[in-house]
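S.K.: requesting a structural model of the entry that follows:
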Amino acid sequence: MIKSRSERTANTRVVLLGGREVIAEGVRLNFWADISHRCMTASWPAFIAGAALVFVAFNAVFAVFYWIGNQPISNVPGGAYIDYLYFSIETLSTAGYGDMHPQTHYGHFIATVELFTGIFSMSLMTGLIFARFSRPNARLLFADHPVISSHEGKRTLMIRFANERHDIIGNATARLWLLKNVVSMEGQSLRRFYELPLVQNEHPALALSWTLYHSLDEQSPLYGLNADDLAASEVSLVVVVSGYDVVAAQIVHARKSYDYRDIRFGRRYADILDITDQGRLRIDYGRFHETLEA
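M.R.: Purely as a prediction, here's the structure:
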């Protein structure tokens, strides 16, 4: 996931990409040019706070227009601004309690414009909320650390994850990528990525847990590397999982990034599956992130 925050310098942004901070300069990104994406990627507290702020601002502006008119609204004692603000809220939300109503052409005109604004904004807000709720989400739990140890007699990189919903993700596929710094023949520093082949990259019905295995053989970009080598190249791992959620009837995706600091050498994952006395399968998520000495 990509997060960003603006700095005081014009046209300069600090972008957090994975675990690295990247300074982006010289890009003129208008706030309103990508407002839909901002609304979709904002956190729920920020989204609700922004919607409330826009709602208050709209009502405050329309209340000013009512206030400067010549008694445009009936039953407003003394023409207080706060009463016009209450009427604006009733109009913008299409509540219309009836005790206050426009009584001049000016009042009807402002109320008409506000009603149109209210209908338009409520439709837009409904669409945004629906889009946020209906976004497919895989809800996969990834282990905190990839591990490297022996598996089937071979030195192997392993990454474990589980389906938190316990429904079926059909035709699940996984891809594992390696990102590392390299120096070209011309002496230019580059950030390159390589896809790491998996022993098994497809799962017919992902319901519980799945461990990915990449053999560190001669064909692997990680062959013969130790922890210091990974640190020198600033190695990162990216896991991408997708599949068909049979309950939501949607394609779902999940992504997890690991830094070289997260990789544990000579460790294996603790067993989380066993059989109860009644013969039922039990999965212990309390030990999901636990690693043991191999």
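S.K.: counting neighbours, which bits of stretch 139-146 end up buried?
M.R.: The neighbour-count check on stretch 139-146 (16 or more other CB atoms under 10 Å) flags 140, 142-143, 145-146 as buried. Just so you know, the C-beta spots here come from the backbone N, C-alpha and C atoms, and that holds for glycine as well.
S.K.: dig out what residue 257 forms beta bridges with.
M.R.: Judged by DSSP bridges, the bridge partners of residue 257 are residue 238.
S.K.: wait, it touches residue 240, no?
M.R.: No: between residue 257 and residue 240 there is no contact under CB atoms under 8 Å: 10.0 Å.
S.K.: of the two, who's got more company?
M.R.: residue 257 (18 against 14; other CB atoms under 10 Å).
S.K.: so the more buried one versus residue 117, what's the distance?
M.R.: Remark: distance between residue 257 and residue 117 (CB to CB, to the nearest Å) = 42 Å.
S.K.: again with residue 169
M.R.: Distance of residue 169 to residue 117, computed by CB to CB: 43 Å.
S.K.: and the two? Which one has more around it.
M.R.: residue 169 (28 against 15).
S.K.: now do the contacts for the more buried one.
M.R.: Residues counted as contacts of residue 169 (CB atoms under 8 Å, 6 or more residues apart in numbering) are 138, 163, 203, 205-207, 243-246, 252.
S.K.: and residue 241, by the same measure?
M.R.: Counted by CB under 8 Å, 6+ apart, residue 241 has contacts 138, 140, 161, 172-175, 253-255.
S.K.: show me which of those are buried.
M.R.: Counted by 16+ other CB under 10 Å, these give 138, 140, 161, 172, 174-175, 254 as buried.
S.K.: any chance of those in CSV, with distance to residue 227 too?
M.R.: Formatted as CSV, the buried ones among the contacts of residue 241 follow (distance: CB to CB, whole Å):
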residue, distance to residue 227
138, 30
140, 27
161, 23
172, 31
174, 25
175, 24
254, 27
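S.K.: part of a helix, is residue 173?
M.R.: No: Residue 173: not assigned to a helix; according to DSSP: H, G, I helix; E, B strand; the rest coil it is strand.
S.K.: might you report the residue contacts of it?
M.R.: Neighbours of residue 173 in contact, by CB under 8 Å, 6+ apart: 201-203, 241-243.
S.K.: ok, now residue 260?
M.R.: So residue 260 contacts 227, 230-231, 233-236 (CB under 8 Å, 6+ apart).
S.K.: which of these fall in strands?
M.R.: residue 236 (DSSP state E).
S.K.: what subset of the contacts of residue 260 is buried?
M.R.: Those of the contacts of residue 260 that meet the buried threshold are 230, 233, 235-236, by 16+ other CB under 10 Å.
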